[in-house]
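Trainee: Quick check, what structure comes out for this input:
(one chain, ligands or ions: 2)
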Amino acid sequence: MKLEDWHTHSALCHHAVGSIEDYIRKAIELELTTIGLCDHFPFEFLKNIERIPYEDYAITLDEIKDYLSMAEYLKDKYKKEINVRIAFEVDFVENQESTLNIHICKYKHHLDYILGSIHLLNFHDGRGAWAFDDSRFKNDYNYYGSDKVYMEYYKTVQKMLNSNDFDFDIIAHFDLPKKFNDIPNNKEIVNNEVMKTLDIIKKSNVVMEINSSGLRKDVKEQYPRKEIIQEMYNLDIPILLGSDAHDPIYIAWEFENIIKMVKKIGYNHLIHFEKRHKTYLEI
Ligand SMILES: [Zn+2]
Ligand SMILES: [Zn+2]
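Mentor: Numbers count the residues shown, from 1 in each chain. Ligands and ions are numbered 1, 2, ... in the order given. Modelled structure (predicted):
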């Protein structure tokens, strides 16, 4: 079976281990046909991120050129053994798309796809933006409580989808607020928000990532959970797989089981990207 991992990081993003080459070599060893490199796009130009330790989260603006030239060099070096695809994982932060675009527009011609993510929430109550999936902000998570965090998160995903200025191809780790195994108290209102978000995805041109990193976290389950994947299938929302590996040992983590699960749900193809153009891969 052809395995493709669309979500990997490297030491360049300051919180992962292994060089880009380590990831590519491991992916070849695992007989993957494609590896997507998608280090975090810089945060440093964003406003209202005083509390965010962004130097731990992403490459810096100064490092982008090195990242892309290394990725392109390795893509060519290993082209007979594996497809290397070059990307960024980009955070959506409301009302800051124009600043982001000033920076990312310079590099888009290098990219095969853009992964859109939300790690930061801002309740505009004076506490500022915080990173709900970083254990260092667990006090903020507890302060707001899981229902508020989930609701604000899905509303932010909807803003990301509805933004005319945020350009991306794939939604990463769709139900990330469950990472620490915090389950909503009011499941009904959160589920309604999930369904509302899926309807917007359906109308958009965006692909959903099935991200296996949740299996390695407290929640012990891929993002998104199976019931959501079933709804996605009913809505005909296309998918691909990402391990979110921050260490080469996690490349394609649990992919065989995930493919079994999505096939059982009914999916018979995954999406492949090249230069932001989609094709289908049969499974
Ligand atoms: Zn992420
Ligand atoms: Zn990631």
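Trainee: what's the following helix or strand after the longest strand along the chain?
Mentor: Taking residue count as the measure and DSSP state E as the definition, the longest strand of the chain comes out as strand 83-91. Tracing the chain past strand 83-91, the next element assigned as helix or strand by DSSP states H and E is helix 97-104.
Trainee: dump the residue contacts of the residue of the stretch 101-250 of the chain found nearest ligand 2.
Mentor: Of all residues in the stretch 101-250 of the chain, Asp244 sits closest to ligand 2, at 4.5 Å by CB to the ion. Quick note: C-beta positions are derived from backbone N, CA and C, even for glycine. With contact taken as CB atoms under 8 Å, 6 or more residues apart in numbering, Asp244 is in contact with His7, Thr8, His9, Ala172, His173, Asn211, Ser212, Ser213, Tyr250.
Trainee: before we move on, back to that, now the longest strand of the chain, how far from the centre of its chain.
Mentor: Distance of strand 83-91 from the chain centroid (CA atoms, centre = their mean, to the nearest Å) equals 10 Å.
Trainee: That strand packs against which elements?
Mentor: Of the remaining helices and strands, those touching strand 83-91 by 3 or more CB pairs under 8 Å, 6 or more residues apart in numbering; DSSP states H and E are strand 4-8, strand 34-40, helix 64-77, helix 97-104, strand 113-117, strand 269-274.
Trainee: okay, those, which one's buried deepest?
Mentor: Using mean count of other CB atoms under 10 Å, the stretch among the helices and strands packed on strand 83-91 with the largest mean neighbour count is strand 4-8, at a mean of 27.
Trainee: could you dump that strand to PDB, C-alpha only?
Mentor: What follows is the C-alpha trace of strand 4-8 in PDB, where atoms were taken according to Å, rounded to 0.1, in the frame of the first residue of the first chain:
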ATOM      1  CA  GLU A   4       2.000   9.300   2.300                       C
ATOM      2  CA  ASP A   5       2.700  11.400   5.400                       C
ATOM      3  CA  TRP A   6       1.700  15.000   4.900                       C
ATOM      4  CA  HIS A   7       2.600  16.400   8.400                       C
ATOM      5  CA  THR A   8       6.100  16.300   9.700                       C
END
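Trainee: now the angle from it to strand 83-91?
Mentor: Angular relation of strand 4-8 and strand 83-91 on a 0 to 180 degree scale: 40 degrees, by axes from the mean of the first three to the mean of the last three CA atoms, to 10 degrees.
Trainee: All further residue positions should be reported with the first residue as 12.
Mentor: From this message on, residue numbering opens at 12, which makes the last subject strand 15-19.
Trainee: Let me know whether the very next helix or strand once past strand 15-19 sits next to ligand 2.
Mentor: Proceeding N to C from strand 15-19, the next assigned helix or strand is helix 31-40, under DSSP H and E. No - counting by CB under 5 Å from the ion, ligand 2 has no neighbours in helix 31-40; the shortest distance is 12.6 Å.
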